[in-house]
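> sequence first, predicted coordinates after that:
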Amino acid sequence: YCIMRGSDNVLGSFPSGDVDILVPKGMKTLRKINRILERLQIQFGYIIYAKGNHANVSRNFYLSTIVNGDVYTINLEFFNEIFVYQYNKFKSKKFNYLDTEMIIKTKVKNKSIYTCNRNYELIFGVVDSLFNNKSKNFSWLNSEIQKIGKIKSFRVIALKTFGYAATEELASV
């Protein structure tokens, strides 16, 4: 597995948004995660108060616990494909834009958890922010692209994901 973004906020806190966790492809993996979380809830003092499926590629688990009398919730989203949807009036199209196996293969250890490497995190952030119009992320993206936008390993992934014109535009930021 690897966490796709915001891994620094996961340990020792309750992130305000969801925690995106990429896992190997296959329904067996998602079913196994479900069984593990259900089995461990008593031992670790949380309850799964809701869970949801997103087609056959994602499972959301909303876990709640009480700390010092206050209820805290975290949303863990396990997914095995990274995609975006193009919505239209009649039919939505799904586009898979990153290679799950390559991201997991190139993961890095951050403290005691695994996260995707910085290149993939940035590509993921660019697509998520632009496609979903998350303008609050634009200044962070601009800063990160200025730091690594010209690095060859980033450009290779960007070329494969965005194509030449968009990659050159990103690198010129």
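Yes, it's here.

> how about the strand or helix carrying residue 38: buried residues?
Element membership of residue 38 [criterion: DSSP states H and E] is helix 27-44. Of the residues in helix 27-44, 30, 33, 34, 37, 41 count as buried by neighbour count, 16 or more other CB atoms under 10 Å. For glycine as for every other residue, the C-beta is placed from the backbone atoms N, C-alpha and C.

> quick one: the residue nearest to residue 135 when sequence neighbours are not counted and residue 82, what's the gap?
Of all residues not flanking residue 135 in the chain, residue 129 sits nearest, at 7.7 Å (CB to CB, 6 or more residues apart in numbering). Going from residue 129 to residue 82 by CB to CB, to the nearest Å gives 14 Å.

> the two: who's more crowded?
Comparing residue 129 with residue 82 by neighbour count (other CB atoms under 10 Å), the higher total belongs to residue 82, at 23 against 16.

> residue contacts, residue 1?
Neighbour list for residue 1: 21, 22, 23, 78, 104, 114 [criterion: CB atoms under 8 Å, 6 or more residues apart in numbering].

> so the nearest residue to residue 34 once chain neighbours are set aside, which state does it fall into?
Spatial nearest neighbour of residue 34, excluding adjacent residues (CB to CB, 6+ apart): residue 59 at 6.5 Å. Three-state call for residue 59 (DSSP: H, G, I helix; E, B strand; the rest coil): strand.

> and residue 59, what does it touch?
Counting by CB under 8 Å, 6+ apart, residue 59 makes contact with 30, 33, 34, 51, 52, 53, 77, 78, 79.
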